[in-house]
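**Student:** Predicted model and sequence below, questions to follow.
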Amino acid sequence: MSDSITFQTLAQILQNEHRVDPARIRPETALADLGLDSLALMEFVFSAEDALRLRLPEDQLDPRAAGITLGELCEAIERFAAGQRETEEAAPGRAAHA
């Protein structure tokens, strides 16, 4: 997990934009334990979405929920991104058959 591009992107954002100590940035770290207040947490999520070019619906995973870890956030982002890619790849085929 810590080698994924998603995790590396989140780690860079946390370090560069929010000055989080790299030692605290681990997949098992709860978002609540990063020292970000609620506004900073939402700014972090928006920065992550911008960097990864996606919008993660809150019904997929609400980063404000208690106990959500960086690893879980990464997994939710990767699942959502994979689903978006599948939808985009399937769309041209459906249009051709319409």
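**Tutor:** Everything's here; your move. Keep in mind that this is a model prediction, so the values were computed, not measured.
**Student:** Tell me where the model's unsure across the chain.
**Tutor:** Confidence mapping of the chain against pLDDT under 70 gives the ranges 1-2, 60-64, 66, 91-98.
**Student:** Contacts only, for Ala81.
**Tutor:** Each residue near Ala81 by CB atoms under 8 Å, 6 or more residues apart in numbering is listed here: Thr6, Leu52, Leu54. Heads up, the C-betas are built off the backbone N, CA and C, glycines and all.
**Student:** for Leu10, same thing?
**Tutor:** Ile25, Phe44, Ala48, Leu70, Leu73, Cys74.
**Student:** go with 6 Å
**Tutor:** Going by CB atoms under 6 Å, 6 or more residues apart in numbering, Leu10 touches Ala48.
**Student:** Helix or strand: which one has it?
**Tutor:** helix 5-18 (DSSP states H and E).
**Student:** Just the buried positions in that helix, please.
**Tutor:** For helix 5-18, a neighbour-count test (16 or more other CB atoms under 10 Å) marks Thr6, Phe7, Thr9, Leu10, Ala11, Ile13, Leu14 as buried.
**Student:** Starting from Glu89, give me the distance back to the closest residue to the second one other than its chain neighbours.
**Tutor:** Using CB to CB, 6 or more residues apart in numbering and skipping the chain neighbours, the partner closest in space to Phe7 is Cys74 (5.0 Å). Computed as CB to CB, to the nearest Å, the Cys74 to Glu89 distance reads 22 Å.
**Student:** Please export the C-alpha coordinates of whichever helix or strand comes after the helix holding Leu10 as PDB.
**Tutor:** Using DSSP H and E, the helix or strand that follows helix 5-18 in sequence is helix 38-52. What follows is helix 38-52, C-alpha atoms only, in PDB (Å, rounded to 0.1, in the frame of the first residue of the first chain):
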ATOM      1  CA  SER A  38     -11.900  19.500  10.100                       C
ATOM      2  CA  LEU A  39     -11.200  22.400   7.700                       C
ATOM      3  CA  ALA A  40      -7.600  21.200   7.000                       C
ATOM      4  CA  LEU A  41      -8.900  17.600   6.500                       C
ATOM      5  CA  MET A  42     -11.400  18.700   3.900                       C
ATOM      6  CA  GLU A  43      -8.700  20.900   2.200                       C
ATOM      7  CA  PHE A  44      -6.500  17.700   2.200                       C
ATOM      8  CA  VAL A  45      -9.300  15.700   0.500                       C
ATOM      9  CA  PHE A  46      -9.900  18.400  -2.100                       C
ATOM     10  CA  SER A  47      -6.200  18.600  -2.800                       C
ATOM     11  CA  ALA A  48      -6.000  14.800  -3.200                       C
ATOM     12  CA  GLU A  49      -9.000  14.800  -5.500                       C
ATOM     13  CA  ASP A  50      -7.400  17.600  -7.600                       C
ATOM     14  CA  ALA A  51      -4.100  15.800  -7.800                       C
ATOM     15  CA  LEU A  52      -5.700  12.500  -8.700                       C
END
